[in-house]
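Q: below: sequence and its predicted model.
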Amino acid sequence: MVLPLGDWGWLEASIVSGDVLVPGSDVRSHIFHWVEADRDGLLTRRLLTFTTDPRLSARRTIFELLHQLSFQISDWPLVADAAELALRDVDPQVRRTAATLLVNTAEPDRAIAALNASSDPVARIALVDALIRPPASWHRAVLERLRSDSVPAIRLLATIAVFSRDDPAAWPTLDAAVHADLEACVGVLDAPGSPLLTAGERWAGVLTGLDREEECCSWVQRLVDPAESPQIRREGVRMAVAAMRQWRAAPGRLTPMLTALLREEPSELRSAALRAVAASLTASRLASDGLATVLDDAELGAVAATALGSVGDHRAVPHLVRLMLAGGDEPRLAEAFRAVARAGADPQAPVAAARQVLAALPDSCAPGLPMRVLAAFGPAAAAAVPELIARLEGAENDTPDCAIYVLGRIGPAAAAAVPLLRQYPTQGATLALLRITSDRAVADQYLAERPEEFRRGGIAPTLLTWLAEHGGLTVRQHKQLRSLFRQPGFGQLETAGALWINEGPAAADELLEALPQYLSDDLYGRKALPVLAAMGSHARPILDRLDRFAASRHRLRVNIGDDDAEMRADEMMLAATIAARKQIAG
């Protein structure tokens, strides 16, 4: 890539439009490339001209871009100069971003000097916030001085930063100091251009980071008390969320406090409490009656319905159906339908609603939610077979894959689709045919056309498992099974059950060597546990491992990218572990 010279209109246009902040955009990628190649070069100098642009949107954009660029370039005096000048910008958001940028690109002494020289609370708060991330030993004297600063948010940040695992005797005093400044910091630390963490969330981060479960739950109880202001109570709910994400026992202790808030008059606090409960499967079960009382609430009903549905509560079904018919976009709606289907909910209304949506959108590629609902109810969705066949006959884009998968989930009741499915030379169609016809020849033919040594399994593990469950494997198929089991990862997991069915106790040692390595992964672990459970007493050597996991106070560490989804993953993994342990122990 060659840096275009002369006409800089492209750069101005991308800054004004905000394209420079869009991940993956060409102009952004090029800017990062050119700045990395020459950090003080022509492009950087051109970028810096926008730091004093009269247009506020351009200044906000350029400082955010420079902030993001600074992650890969430290000690950047040219940019630090512009950041320090911007500490006096008329816009608070620009000043906040510039303060963080200054800390990122200048020596600590320069940032501290700017802090000492400034009288602007906005810039000073942002400077302190950036200076204490991450904490360093040289901060200690500065922090002790800032704990008596005239600005409450600075005092709170400094106090939070001096918490130390090595000095638990100081914790009660520090907690009291944070609490004293908490209300004055509402809306200050999470203002635009800041890290968007409230004072309560920062305090909760200290409590969870120091593993202070008892104190954290006690503070939640104190903060959500009706005697406190609505702002303080809202911080209490935020602290409750942090606690439930960290400790497995927290939902049991905190859910009654949060449920009590659902009985109050509509408010931001009540909404926050409902969303906190809905985020946890455990809390949703404990608060199911409270959630049911708000199912008809215009604002909260959708969240309450998906929360109840996600724990298999049948009371949610009519509300979930209405959400689907209304085109609801609740992110966990499909999850809720799957859970109520597993819990034996009456399929009639959900299936009829899914068919209605499909009929109303005949030209749609593949309406995702209705297809997922039909798949969740499986054989009970047989009434939708005509619509699914119609989808295959007029298929566009990925419609065949969706319709074929659902037909396979329906099984024998989808027999009318078999002639059409035979026209599709895809793995999905082969699997659907097997599930609909139960004809072993479908799997035999597919596997006969594949080598004995698999590089990638595709649907082979599923076919081999079905064959193992329905009469057993041929010698060649057993070799294919063995080749897949030798490959760590998905292929090994997907064939482990078939290996146990086919070889029984003779394979126990190999399975006990392979499967435990997946137990620290929420997705793979939930696939490994049923196989261990099926092994019964032969899996007893793994009981200690399962007991340690089940006894842990803390959540399983996974990396889904969503804190609440990670909490629910741990809850599902814990439930699966306990169920498997019961079967293994007998």
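A: Everything's here; your move. Numbers count the residues shown, from 1 in each chain.
Q: wait, doesn't Ile560 sit right on Arg568?
A: No. The criterion here is C-beta atoms under 8 Å, and Ile560 misses it with Arg568 at 9.2 Å. In this view, the C-beta of every residue, glycine as well, is placed from N, C-alpha and C.
Q: higher neighbour count, those two?
A: Arg568 (20 against 13; other C-beta atoms under 10 Å).
Q: buried sites along whichever helix or strand that one is part of?
A: Using DSSP states H and E, Arg568 falls within helix 563-585. Buried residues in helix 563-585, counted by 16 or more other C-beta atoms under 10 Å: 564, 566-574, 576-577, 580-581, 583-584.
Q: also stretch 148-164?
A: So stretch 148-164, judged by 16+ other C-beta under 10 Å, has buried residues 149, 151-163.
Q: do stretch 166-182 as well
A: For stretch 166-182, burial by neighbour count (16+ other C-beta under 10 Å) applies to 171, 174-175, 177-179, 181-182.
Q: can you tell me which of these are in helices?
A: 171, 174-175, 177-179, 181-182 (DSSP state H).
Q: output the residues you listed in a markdown table, with distance to Asp91 and pLDDT appended to each entry.
A: Output for those, formatted as a markdown table (distance: C-beta to C-beta, whole Å; pLDDT from 0 to 100):
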| residue | distance to Asp91 | pLDDT |
| --- | --- | --- |
| Trp171 | 38 | 97 |
| Leu174 | 34 | 97 |
| Asp175 | 35 | 97 |
| Ala177 | 31 | 97 |
| Val178 | 29 | 97 |
| His179 | 32 | 97 |
| Asp181 | 26 | 97 |
| Leu182 | 27 | 96 |
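Q: just the CA coordinates for the strand or helix carrying Glu36, please, in CSV.
A: Glu36 belongs to helix 26-37 when assigned by DSSP H and E. Extracted in CSV, the C-alpha atoms of helix 26-37 (Å, rounded to 0.1, in the frame of the first residue of the first chain):
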residue,chain,number,x,y,z
ASP,A,26,-10.3,-0.1,4.2
VAL,A,27,-9.5,3.4,5.1
ARG,A,28,-9.0,2.4,8.8
SER,A,29,-6.8,-0.5,7.8
HIS,A,30,-4.7,1.7,5.6
ILE,A,31,-4.2,4.3,8.3
PHE,A,32,-3.1,1.8,10.8
HIS,A,33,-0.7,0.3,8.3
TRP,A,34,0.9,3.7,7.3
VAL,A,35,1.1,4.9,10.9
GLU,A,36,2.8,1.7,12.1
ALA,A,37,5.3,2.1,9.2
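Q: quick one: contacts of it?
A: With contacts defined as C-beta atoms under 8 Å, 6 or more residues apart in numbering, helix 26-37 is touched by 1, 3, 10-11, 14, 19-22, 41, 43-44, 47, 65, 69, 72-73.
Q: other SSEs contacting whichever helix or strand comes after it?
A: The helix or strand immediately downstream of helix 26-37 is helix 42-48, counting by DSSP H and E. On a contact count with 3 or more C-beta pairs under 8 Å, 6 or more residues apart in numbering; DSSP states H and E, helix 42-48 meets helix 9-17, helix 26-37, helix 56-69, helix 77-86.
Q: buried residues, helix 42-48. List them.
A: Using 16+ other C-beta under 10 Å as the test for burial, helix 42-48 gives 43-44, 47-48.
Q: can you list these in JSON lines and add pLDDT and distance to Ala375?
A: Listed next are the buried residues of helix 42-48 as JSON lines, based on pLDDT from 0 to 100; distance: C-beta to C-beta, whole Å:
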{"residue": "Leu43", "pLDDT": "92", "distance to Ala375": "51"}
{"residue": "Thr44", "pLDDT": "94", "distance to Ala375": "52"}
{"residue": "Leu47", "pLDDT": "95", "distance to Ala375": "50"}
{"residue": "Leu48", "pLDDT": "96", "distance to Ala375": "54"}
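Q: doesn't Asp129 make contact with Ser194?
A: Yes. Counting by C-beta under 8 Å, Asp129 is a contact partner of Ser194 at 6.8 Å.
Q: where does pLDDT dip in this structure?
A: Low-confidence segments of the chain (pLDDT under 70): 1-6, 135-138, 362-366, 395-399.
Q: make it 80
A: Applying pLDDT under 80 to the chain picks out residues 1-7, 72, 74, 133-140, 192-196, 328-329, 361-367, 394-399, 455-457.
Q: returning to what we had before: which members of the buried residues of stretch 148-164 are the farthest-apart pair?
A: Farthest-apart pair in the buried residues of stretch 148-164 is Val151 and Phe163; separation 19.5 Å (C-beta to C-beta).
Q: returning to what we had before: quick one: closest of the helices and strands packed on helix 42-48 to Val357.
A: helix 9-17 (36.4 Å).
Q: picking that back up, need the helices and strands packed on helix 42-48 in a markdown table (columns: distance to Ala117 and mean neighbour count).
A: Conversion of these to a markdown table gives the following (distance: least, C-beta to C-beta, whole Å; neighbours: other C-beta atoms under 10 Å):
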| stretch | distance to Ala117 | mean neighbour count |
| --- | --- | --- |
| helix 9-17 | 30 | 16 |
| helix 26-37 | 29 | 16 |
| helix 56-69 | 20 | 20 |
| helix 77-86 | 10 | 20 |
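Q: which stretch among these comes nearest Leu467?
A: Set against Leu467 and scored by C-beta to C-beta, these come closest in helix 26-37, at 48.7 Å.
Q: give me the distance from the closest one to the chain's centre.
A: Chain-centre distance of helix 26-37: 30 Å, with C-alpha atoms, centre = their mean, to the nearest Å.
Q: report the distance from the helix holding Arg568 to the chain centre.
A: 17 Å.
Q: excluding covalently adjacent residues, which one is nearest to Ala242?
A: Spatial nearest neighbour of Ala242, chain neighbours left out: Ala204 (3.6 Å); criterion: C-beta to C-beta, 6 or more residues apart in numbering.
Q: again with Glu228
A: Per C-beta to C-beta, 6+ apart, closest to Glu228 is Gly236, 7.3 Å.
Q: phi and psi next, for the one you found.
A: phi -60, psi -40 (degrees, to the nearest 10).
Q: now it: how far from Ser552?
A: 26 Å (C-beta to C-beta, to the nearest Å).
Q: gap between Arg476 and Leu467?
A: Counting by C-beta to C-beta - Arg476 and Leu467 are separated by 11 Å.
Q: just the CA coordinates for stretch 538-553, please, in CSV.
A: Extracted in CSV, the C-alpha atoms of stretch 538-553 (Å, rounded to 0.1, in the frame of the first residue of the first chain):
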residue,chain,number,x,y,z
HIS,A,538,-16.1,-47.4,34.6
ALA,A,539,-15.8,-43.6,34.8
ARG,A,540,-15.3,-43.5,38.6
PRO,A,541,-11.7,-42.4,38.3
ILE,A,542,-13.0,-39.0,37.1
LEU,A,543,-15.2,-38.5,40.1
ASP,A,544,-12.6,-36.4,42.0
ARG,A,545,-12.3,-34.1,39.1
LEU,A,546,-16.0,-33.7,38.8
ASP,A,547,-16.3,-33.1,42.6
ARG,A,548,-13.7,-30.4,42.5
PHE,A,549,-15.4,-28.6,39.7
ALA,A,550,-18.8,-28.9,41.3
ALA,A,551,-17.5,-27.7,44.7
SER,A,552,-15.8,-24.6,43.3
ARG,A,553,-17.1,-21.3,44.6
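Q: surely Glu566 meets Arg555?
A: Yes. Assessed by C-beta under 8 Å, Glu566 is found in contact with Arg555 at 7.1 Å.
Q: and for these two, which residues touch both?
A: Shared contacts of Glu566 and Arg555, defined by C-beta under 8 Å, 6+ apart, are found at Arg245.
Q: residue contacts, Arg140?
A: Residues near Arg140 by C-beta under 8 Å, 6+ apart: Val162.
Q: thank you kindly, that will do.
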